[in-house]
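Peer 1: Pasting a predicted model and its sequence here:
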Amino acid sequence: MALAWTSDLDTGIEAIDLQHRKIVDCINELEVAIRDKDSAATGRVLDAVADYCISHFAFEEELQKKVGYMHAKSHKMVHDVFVKRMAKYRERHKAGEDVAKQLHEALSAWLLLHIKREDKNFVPDVKRSMGELVAGDAGEDWLSRSVAGFFGKGR
């Protein structure tokens, strides 16, 4: 059964929520790969998760640093552990092992536990800092500008 994004996963920061929805897409793609016993599709999901980890985690960590989130260092450590875990899944997949079901479970747990607990903890700091940061930006939306610049969509 396909996983749907639910409001309890929203952080209230649109840029981050849009990025988090990619994990839901990966989980749903894995369901199809499992059903079809499609190893190539599992590989594509693993590639997508690796790309996600690089871009999303770096964005989140930079945002946390910018707003002075006091648990930024430990949050990064959690990200680092996840990246290593995903790398092991990739290695096992490349060695011919069927990791789709385990990967599905790992991504589902990550979605529910990390986003609902870890990520929501830094949201108040971001929201508190938004006003201060926007006030110094001549009316421009600093978060949108940061997202655009970070992901290479700058002016």
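Peer 2: Perfect, I can see it now.
Peer 1: Could you use CA atoms for every contact and neighbour count after this?
Peer 2: Noted.
Peer 1: so where's this structure shaky on pLDDT?
Peer 2: Residue ranges of the chain with pLDDT under 70: 131-155.
Peer 1: now the strands for this protein?
Peer 2: With strands called from DSSP state E, the chain shows none.
Peer 1: the helices in it, which residues?
Peer 2: Using DSSP state H, the helices of the chain run over 14-36, 39-52, 58-67, 72-94, 100-109, 120-135, 142-150.
Peer 1: Compile those helices into TSV and extend it with columns for distance to residue 5.
Peer 2: TSV is the format used below for those (distance: least, C-alpha to C-alpha, whole Å):
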stretch	distance to residue 5
helix 14-36	7
helix 39-52	17
helix 58-67	20
helix 72-94	21
helix 100-109	12
helix 120-135	16
helix 142-150	22
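Peer 1: For the ones you listed, could you give me TSV that also reports mean neighbour count and distance to residue 1?
Peer 2: Output for these, formatted as TSV (neighbours: other C-alpha atoms under 10 Å; distance: least, C-alpha to C-alpha, whole Å):
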stretch	mean neighbour count	distance to residue 1
helix 14-36	17	8
helix 39-52	18	17
helix 58-67	17	30
helix 72-94	15	23
helix 100-109	17	12
helix 120-135	15	26
helix 142-150	15	32
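Peer 1: how about those, which one is nearest residue 4?
Peer 2: The minimum distance between residue 4 and the helices of the chain falls on helix 14-36, with 7.1 Å, by C-alpha to C-alpha.
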